[in-house]
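> what follows is a predicted protein model with its sequence.
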Amino acid sequence: MKTLQQNEERVESHLVPRMRLLRRLLALLVIDPRNRRGVRFPFESMILALLAGLLSGCPTLRDVERQSARLGLGRRGGKISDNALGYLLTLLDDVALLPLQVAMVKNMHRRKQLQPDGLRLHWTTVDGKYLTLDHHADGLAQKFVDDERRCIYWRLGVLRAVLVSAKGRPALGQRVMAPVQTDETDPEKLKHTGEITNLWPFVQWLREQYGELCANFTLDAGLWSRDLFAKFDAAGLGIFGNIKENKPELHAEVARVLRVDQQRRGPDAVSDWEPCSKGQIKRELWRNCGLDGWNGWNHLRQVVLVKQTTRLRHGGEDVVELRYFATNLPKATMTPKQLLELVRRHWAIENDCNWSFDMVMREDDGAWCTQKKSVLALGVLRMIAYNLLQWLRKSHVRVRRLNAPDTPLPWRELYEMILATWVRIGDSLLWRLSPTTS
């Protein structure tokens, strides 16, 4: 069992070289948006201060200011004020920061950290994420009127991509879903307006940046259509999409065919009973390859049924849920067991990325700055920090417990360990992060 000191040394050996790489990439890839007159703090040091704050769970910019003093990132080894950091965030452009995010992911790829874990292929999940603001974010947010509360608010939507096949589930990038003209009045439907129209340009951007790393995609039911299904196939990309009642004819036919299979034979793959928040859960999978070309759905090479059974901790009847999926991948591409694993991995974008952003990094209720497009710039910086932290949790500082022999380190403990590491090396950190340091 690793000692606390050994884990702190692992944290240092993982973070310091990558922070040094970030400093070098910042100088090469990102232009300082400030007016050069009156500039007090180096641009790279300010961005590193923000990232160091995200990496150690600082709840406010004032805490980042205190930490910058501890790390000696300001002028003559002093602090960088929270006002200066907040002002910089209002000037940053998320599009200008994305090359930094891409470069860090490519660095992980070169280090063999993004190999498929338990799957045969690389798989990327794309999903929408929405932030509620009190302003229009330079015209990028959708306006909503709450008649009951008699207030107006704005919702800013982004598409985010996560490489769910990799061990650390790294975030690959984001695309803003700008407001669109629509006659829709239902708030729930209005919230998702623009997801499908923005998906394909986002997929093209991901392909341009990462190539074959983004060759296969898993999508929730609201993000794809028959035309998009055909477009993915024509481009030589794999698609694995959830089917719900928003595609009524396809959903009904897939349910009919797979329920017949379910009655005639046993499942193609079965998971063990696993612990979950409600008790225990088991999944069974059936697949059928006979619907290609049905009702104009060309390249529908496989359809999948996953029966999810939840055994409640405090007794009562088991809860059974049926989920349906469609893919253009040939049958020989993945085994039934791998398909079952892919169904679970699809939710990693929620359970790993979005949950961490919301509950751990407090993206929704603890934003350091919300003015102009700062929430988008912070989103990119959060993705960089999240990727570094996830690899630490999933690989470098895993812990052994009685009920779970090998589990990721809890976020709170990881933050405390990083803070202790910053304190221990703070006086020499500026030297250690120098781009010329070997």
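Structure's in. What do you need?

> domains in this structure, by residue range?
Domain assignment for the chain by automatic domain parsing gives 4-96+374-432, 228-334.

> helices of the stretch 151-300 of the chain, residue ranges please.
187-191, 195-210, 226-234, 248-264 (DSSP state H, counting those that start in this stretch).

> now these as JSON lines including mean neighbour count and distance to residue 341?
For the C-beta atoms, the positions are set from N, CA and C on the backbone; glycine is no exception. Below are the helices of the stretch 151-300 of the chain laid out as JSON lines (neighbours: other CB atoms under 10 Å; distance: least, CB to CB, whole Å):
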{"stretch": "helix 187-191", "mean neighbour count": "12", "distance to residue 341": "31"}
{"stretch": "helix 195-210", "mean neighbour count": "17", "distance to residue 341": "22"}
{"stretch": "helix 226-234", "mean neighbour count": "16", "distance to residue 341": "21"}
{"stretch": "helix 248-264", "mean neighbour count": "15", "distance to residue 341": "19"}
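
> now mean pLDDT and distance to residue 170 too, for those helices, in a markdown table please.
Listed next are the helices of the stretch 151-300 of the chain as a markdown table, based on pLDDT from 0 to 100; distance: least, CB to CB, whole Å:
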| stretch | mean pLDDT | distance to residue 170 |
| --- | --- | --- |
| helix 187-191 | 55 | 27 |
| helix 195-210 | 93 | 11 |
| helix 226-234 | 94 | 22 |
| helix 248-264 | 94 | 32 |
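
> how about the ones you listed in TSV, adding distance to residue 40?
Putting these into TSV (distance: least, CB to CB, whole Å) gives the following:
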stretch	distance to residue 40
helix 187-191	42
helix 195-210	34
helix 226-234	49
helix 248-264	59
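
> just to revisit the earlier point, can I get the domains of the chain in a markdown table with distance to residue 146?
Output for the domains of the chain, formatted as a markdown table (distance: least, CB to CB, whole Å):
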| stretch | distance to residue 146 |
| --- | --- |
| domain 4-96+374-432 | 20 |
| domain 228-334 | 25 |
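
> out of those domains, which gets nearest to residue 132?
domain 4-96+374-432 (10.3 Å; CB to CB).

> one step back: out of the helices of the stretch 151-300 of the chain, nearest to residue 336?
helix 248-264 (12.2 Å).

> how far away is the residue nearest to residue 229 when sequence neighbours are not counted from residue 43?
Nearest non-adjacent residue to residue 229, counting by CB to CB, 6 or more residues apart in numbering: residue 239, 6.0 Å away. Going from residue 239 to residue 43 by CB to CB, to the nearest Å gives 41 Å.

> what ranges does the stretch 1-150 of the chain have for its strands?
124-133, 142-146 (DSSP state E, counting those that start in this stretch).

> circling back: residue 17: which of the helices of the stretch 151-300 of the chain is closest?
Proximity to residue 17 (CB to CB) singles out helix 195-210 among these, at 22.2 Å.

> I would like the residues contacting the closest one, please.
Outside helix 195-210, the residues within contact range by CB atoms under 8 Å, 6 or more residues apart in numbering are 102, 105-106, 109, 124, 126, 128, 157, 159, 161, 172-173, 175, 177, 180, 214, 217, 219, 222-225, 228, 231-232, 237.

> send the alpha carbons of it over as CSV?
C-alpha atoms of helix 195-210 as CSV (Å, rounded to 0.1, in the frame of the first residue of the first chain):
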residue,chain,number,x,y,z
GLU,A,195,-28.2,20.0,-30.9
ILE,A,196,-28.7,18.0,-34.2
THR,A,197,-27.7,21.0,-36.4
ASN,A,198,-24.5,21.5,-34.5
LEU,A,199,-23.5,17.9,-34.1
TRP,A,200,-22.1,17.2,-37.6
PRO,A,201,-19.9,20.4,-37.7
PHE,A,202,-18.6,19.4,-34.3
VAL,A,203,-17.9,15.9,-35.5
GLN,A,204,-16.0,17.3,-38.4
TRP,A,205,-13.9,19.5,-36.1
LEU,A,206,-13.1,16.5,-33.9
ARG,A,207,-12.0,14.5,-36.9
GLU,A,208,-9.8,17.4,-38.1
GLN,A,209,-8.1,17.6,-34.7
TYR,A,210,-7.8,14.0,-33.7
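
> buried stuff in the longest helix along the chain?
Ordering each helix of the chain by length in residues (DSSP state H) puts helix 4-29 first. Neighbour counts over helix 4-29 (16 or more other CB atoms under 10 Å) mark 7-8, 10-12, 14-16, 18-20, 22-26 as buried.

> quick check: the residue lying farthest from the centre of the chain vs residue 257, distance?
Ranked by distance from the centre of the chain (CA atoms, centre = their mean), the top residue is residue 264, with 39.3 Å. Plainly put, residue 264 is 11 Å away from residue 257 if you go by CB to CB.

> hang on, the earlier thing: more neighbours: residue 239 and residue 43, which one.
Taking other CB atoms under 10 Å, residue 239 and residue 43 do not tie; residue 239 has more neighbours (22 against 16).

> what bridges to the more buried one?
Applying DSSP bridges to residue 239 yields these beta-bridge partners: residue 217.

> does it touch residue 224 like I think?
Yes: at 6.8 Å, residue 239 counts as touching residue 224 under the criterion of CB atoms under 8 Å.

> quickly list what's touching both of the two.
Counting by CB under 8 Å, 6+ apart, the contacts common to residue 239 and residue 224 are residue 232.

> low-confidence ranges in this structure?
1-4, 38, 147, 149, 180-193, 398-406, 426-438 (pLDDT under 70).

> give me the phi and psi for residue 340.
Dihedral pair for residue 340: phi -60, psi -40, per degrees, to the nearest 10.

> so what's the residue count around it?
As a burial measure, residue 340 scores 22 neighbours (other CB under 10 Å).

> ok, now how distant is it from residue 355?
Residue 340 sits 22 Å away from residue 355, going by CB to CB.

> repeat for residue 226
31 Å.

> how about residue 362, nearest residue that isn't a chain neighbour?
Leaving aside its chain neighbours, residue 362 sits nearest to residue 59 (6.8 Å; criterion: CB to CB, 6+ apart).

> re earlier: relative to residue 361, which of the domains of the chain is closest?
domain 4-96+374-432 (5.7 Å).

> do a quick rundown of the strands in the stretch 251-400 of the chain.
Using DSSP E, counting those that start in this stretch, strands in the stretch 251-400 of the chain cover 269-270, 274-276, 279-288, 302-312, 319-327.

> partner strands of the first one and their direction?
For strand 269-270, the pairing partners within the sheet under DSSP bridges are strand 279-288 (antiparallel).

> buried stuff in the strand it pairs with?
Using 16+ other CB under 10 Å as the test for burial, strand 279-288 gives 279, 281, 282, 283, 284, 285, 286, 287, 288.

> before we move on, what about stretch 318-326?
323, 324, 325, 326.

> now the residues you listed in CSV, with distance to residue 76?
Output for the buried residues of stretch 318-326, formatted as CSV (distance: CB to CB, whole Å):
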residue, distance to residue 76
323, 59
324, 63
325, 59
326, 61
